[in-house]
Each structure stands twice: as structure tokens, then as C-alpha cells.
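Undergrad: Next one to model:
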Amino acid sequence: MREDAERGRIYLPLEDLARFNVSESEILGGVYSPNFISLMDFEATRARELYALAQSELAAEDRATLLTAEAMRLIYAALLGRIIKSNYRVLDRRHSLSAPHKLYLVGRAWAEGRFSSLRG
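TA: Here you go, the predicted structure:
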């Protein structure tokens, strides 16, 4: 988010900014406030719900063929977990996962896809 703000970009719905009383200038200026935390908590909850819905809607027999999508879901969910643990410190730092952690998640996606299709 920091890199986007430095480029004058905000990828959050304007209605959500208004709902939580966070201005575009605050985000672009890196202002970390209780309102911003509430906004980010709302967005994180929504993202987690959408990740869970995507996982529940994916048929077991399709998991193996959608390895890339499943791996990315796991990677982004792990990144979201780090962002939440940092109390949404996204305006002053960039969150990332190590290459071994990403490889682990890709392996996990592969194994879940492979074994769910065998059970299917």
C-alpha cells in the first residue's frame, strides 16, 4: 500500500474511506490513525471472508487443475495474516514472505489439490 500511495494511488473503495472517515490525503500522506485501523480491519475481514468463500466453492475435483490459483490464495492469505499481526502497518512498511515460505505454500496447495482429487 505504501508504494501505491507514493505513486498517488489508492486501491480502496471510496465508500469505505467515507464510512470510516479516512481521507484520501491521509492515506497518501501515510497517516496511521484509529480510523485507518478500523478501515483496514473491515477490509481484512472482507478479504478473509472472500478467501474462505473461494475455498468452499471450489469443487474437490477442480483443485488439482487450479494449482496456481490455490497457491496464490494461500500466499495472499498468509500476507494478510502478517498485515493483521502488524496492526495494519502498511503505510510505512512492505510486508512479504520468504521464498521458502512461498514454496511451502505452493507445495501445500499442490498436496491439497492432489489428495482432495483422490478422495473426491
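Undergrad: residue ranges with poor pLDDT in the protein?
TA: Residue ranges of the chain with pLDDT under 70: 63-64, 116-120.
Undergrad: Now with 90, please.
TA: For the chain, applying pLDDT under 90 flags the ranges 1-9, 51, 54-70, 91-93, 109-120.
Undergrad: now the strands: where do they sit in it?
TA: Assigned strands in the chain: none (criterion: DSSP state E).
Undergrad: longest helix anywhere in it?
TA: Using DSSP state H, we find that the single longest helix of the chain is helix 34-57.
Undergrad: Show residues contacting that helix.
TA: The set of residues external to helix 34-57 that reach it, using C-beta atoms under 8 Å, 6 or more residues apart in numbering, is 12, 16-17, 19-22, 26-27, 73, 76-77, 80, 83-84, 87-88, 90-91. For the C-beta atoms, the positions are set from N, CA and C on the backbone; glycine is no exception.
Undergrad: Could you rerun that using 6 Å?
TA: 20-22, 73, 77, 80, 84, 88 (C-beta atoms under 6 Å, 6 or more residues apart in numbering).
Undergrad: so which of those residues is the most crowded?
TA: Counting neighbours by other C-beta atoms under 10 Å, the top entry in the contacts of helix 34-57 is V22, with 21 neighbours.
Undergrad: Now do the contacts for that residue.
TA: By C-beta under 6 Å, 6+ apart, the residues touching V22 are 35-36, 39.
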